[in-house]
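Engineer: Coordinates for the following, if possible.
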Amino acid sequence: MNLDSMDLLIIEDNPGDVVLAKEILSQVERPVSIRVAEDGETALSMLDEHLPNMVLLDLNLPRISGQDVLRAIRENPKSHAGPVIVFSTSDAERDVVAAYDGGANCYITKPVDLDRFFKVVRSIENFWLDVVRLPAS
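Structural biologist: Residues are numbered from 1 along each chain as shown. Predicted coordinates for the structure are as follows:
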């Protein structure tokens, strides 16, 4: 990746998942700045204030759904190009299709097993921070 550091917005209402993701991402070599929005409304406000390099988005959010947040990100000319990774407990085909139709860059079903959760977040980190080249802004 061509960035020296990563600015990540995690949009997730489950505090346990946030803690785990932050713990895993704190172990990477590259500096990662992590902000968290616990609902869709807060996420949209945060995105208006500051655009991250990447968004990790849960679909099942209070106040404004993850699908609506995704739609708003993709409709905004300032944020439409940044990667959005849907990270949801849902494995329903309709959710997967709707996420890709809405412009998600990838869809990952959250594992319930702690060890598998760790491996999946590490694979997200490895792919998006080390393999993929992202625009600087």
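
Engineer: what's the neighbour count on F118?
Structural biologist: 15 (other CB atoms under 10 Å). Any C-beta I mention is one placed from the backbone N, CA and C, and that applies to glycine too.

Engineer: pLDDT wise, what is it at?
Structural biologist: pLDDT for F118: 89.

Engineer: Likewise for the one 10 residues further on?
Structural biologist: As predicted, W128 sits at a pLDDT of 83.

Engineer: how near is it to V55?
Structural biologist: Distance of W128 to V55, given as CB to CB, to the nearest Å: 11 Å.

Engineer: Equivalent analysis for S26, please.
Structural biologist: For S26, the distance to V55 - CB to CB - is 19 Å.

Engineer: So between these two, which is more surrounded?
Structural biologist: Taking neighbours as other CB under 10 Å, S26 and V55 compare with V55 leading, 26 against 9.

Engineer: Surely the more buried one touches I11?
Structural biologist: Yes - using CB atoms under 8 Å, V55 is in contact with I11, at 6.4 Å.

Engineer: sorry, back to before: who touches both of W128 and V55?
Structural biologist: Here W128 and V55 have P83, I85 as joint contacts, going by CB atoms under 8 Å, 6 or more residues apart in numbering.

Engineer: So the residue nearest the centre of the chain, which state does it fall into?
Structural biologist: The residue lying closest to the centre of the chain (CA atoms, centre = their mean) is L56, at 0.6 Å. Three-state call for L56 (DSSP: H, G, I helix; E, B strand; the rest coil): strand.
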